[in-house]
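Undergrad: Sequence and predicted structure below; questions after.
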Amino acid sequence: MLNHVWMWLIAIGIIVAVARDVNDEFRNTYRNGVPLTTEFVVKKNTSSLHKSYEGDIASSAEAMNQFYGATVARSAVSQPATITTAPNGDMTIAIITSGDGAPTVWKDMAKALGKERVEGRVREMTFNADNSAATVTVELERMSYSKIRSVTRAALEYADTAITICLGLIGVMALWLGVMKVAEEAGLLKVLTRLLTPVTKQLFPDVPPDHPAVGAMIMNIAANMLGLNNAATPLGIKAMEELAKLSPKAGVATNAMCTFLVINTAGLTLIPATAIAIRAAQGAADPGIIIGTSIFGAGCATIAGLATAKIMQRLPKYKKALEVGNDD
């Protein structure tokens, strides 16, 4: 079922992208082949022969909106640009679009091309008296099917991200599954399991106290509480695999699996290391001030989740779902 949902979402995304691209072509949203006349403020000559100039493309918001026939700029445009003259006399321009003041249409063009700039050719360039500025007429590169380009580029980028995450988890999973195996062979898991038996019996009454799933769940919950999210992932997978072996019906989640998932989803954490690191990176005066509120919020979520799970486990509908021979 989930595969069908993803298939339809992808199909809808592609259809919408193509429809918008066709609309852009019909309306000539990017003004392909239409020259734009604007001001170029010279800041630096990068060649002694004056064959290259660095400066800013300057234009009023009204002029930009009138040229594109839509609200593409909320304020005056002032974007860094470089004009280069080729040996044959042809001039090209590259306009940086990463600034906040860049028109949205330029940002869309750069994004579709996977760049931080838009390029084009300069048809005409006329300097003022002191050569500090010039009136330039430019024709930006032709842009078509920008939305489908963006969809394709995003798909490739997220596929690359997925591979990076998977490769990164291999080492973590190998390390912590190895640690778990060493702890099991050394008897540490049995000691820890005995100490926490009163708690695990209440939370997971259907799981035998000496079952391998108990040790995996305890280590997973401990890793999450210490903020070791990556370390907790392989332990959580191991725990779910062991709990699945106790299910009387293949493919049906047991009460213990649901309870364990609730604990993980609630995110009970004593040290929210990730959130603290993000706050520190953003320059927060006291990154660790959220510890108390995080514990309180996650504690309330855990209690509410466990209470809901325990109540639903008692409902006849969910009891029947685990009965062998019942396919409803």
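TA: Great, that's in hand.

Undergrad: where along the stretch 201-328 of the chain do the strands fall?
TA: Using DSSP state E, counting those that start in this stretch, no strands are found in the stretch 201-328 of the chain.

Undergrad: which stretches of it have low pLDDT?
TA: Applying pLDDT under 70 to the stretch 201-328 of the chain picks out residues 226-231, 271, 273-274, 277-278, 281-282, 318-328.

Undergrad: which residues of it fall in helices?
TA: Ranges of helices in the stretch 201-328 of the chain, per DSSP state H, counting those that start in this stretch, are 212-225, 229-244, 255-266, 273-281, 291-313, 316-321.

Undergrad: Could you point out which of those sits nearest S75?
TA: Evaluated over the helices of the stretch 201-328 of the chain, closeness to S75 peaks at helix 273-281, with 29.4 Å, by C-beta to C-beta. Placement of C-beta: from N, CA and C, glycine included.

Undergrad: Domain ranges for this structure, per the record?
TA: 33-143, 187-321 (automatic domain parsing).

Undergrad: one step back: okay if I get the helices of the stretch 201-328 of the chain as CSV plus distance to V5 and mean neighbour count?
TA: Shown next, in CSV, are those (distance: least, C-beta to C-beta, whole Å; neighbours: other C-beta atoms under 10 Å):
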stretch, distance to V5, mean neighbour count
helix 212-225, 28, 22
helix 229-244, 22, 20
helix 255-266, 20, 20
helix 273-281, 29, 14
helix 291-313, 24, 14
helix 316-321, 22, 11
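
Undergrad: Now render those as TSV, adding distance to S59.
TA: Formatted as TSV, the helices of the stretch 201-328 of the chain follow (distance: least, C-beta to C-beta, whole Å):
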stretch	distance to S59
helix 212-225	53
helix 229-244	48
helix 255-266	51
helix 273-281	36
helix 291-313	47
helix 316-321	64
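
Undergrad: among the ones you listed, which is nearest D206?
TA: D206 sits nearest to helix 255-266 of all the helices of the stretch 201-328 of the chain, at 5.2 Å, using C-beta to C-beta.

Undergrad: got the angle for the closest one vs helix 212-225?
TA: Compare the direction of helix 255-266 with that of helix 212-225 by axes from the mean of the first three to the mean of the last three C-alpha atoms, to 10 degrees and you get 10 degrees.

Undergrad: Turn the domains of the chain into TSV, columns for distance to V22.
TA: TSV is the format used below for the domains of the chain (distance: least, C-beta to C-beta, whole Å):
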stretch	distance to V22
domain 33-143	14
domain 187-321	41
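
Undergrad: Quick one: closest of the helices of the stretch 201-328 of the chain to R20.
TA: Of those, the one closest to R20 (C-beta to C-beta) turns out to be helix 273-281, at 34.1 Å.

Undergrad: for the stretch 51-200 of the chain, which spans come out with low pLDDT?
TA: Along the stretch 51-200 of the chain, the model assigns pLDDT under 70 to residues 165, 168-169, 171-173, 175-177, 179-180, 183-184, 189-190, 192-193.

Undergrad: could you pull out the strands for it?
TA: Applying DSSP E, counting those that start in this stretch to the stretch 51-200 of the chain gives strands spanning 52-59, 77-85, 91-96, 117-127, 133-140.

Undergrad: what's the nearest residue to S294 if we skip its chain neighbours?
TA: Excluding its sequence neighbours, the residue lying closest to S294 (C-beta to C-beta, 6 or more residues apart in numbering) is P272, at 4.5 Å.

Undergrad: Please determine how far the one you found is located from P35.
TA: Per C-beta to C-beta, to the nearest Å, P272 is found 55 Å from P35.

Undergrad: Between these two, point out the one with more neighbours.
TA: The neighbour comparison of P272 against P35 (other C-beta atoms under 10 Å) goes to P272, with 21 against 16.

Undergrad: so the more buried one sits right up against I291, yeah?
TA: Yes. The criterion here is C-beta atoms under 8 Å, and P272 meets it with I291 at 6.6 Å.

Undergrad: Give me the contacts around stretch 134-150.
TA: 14, 16-18, 20-21, 24-25, 30-40, 42, 57, 83, 93, 108-109, 111-113, 118-128 (C-beta atoms under 8 Å, 6 or more residues apart in numbering).
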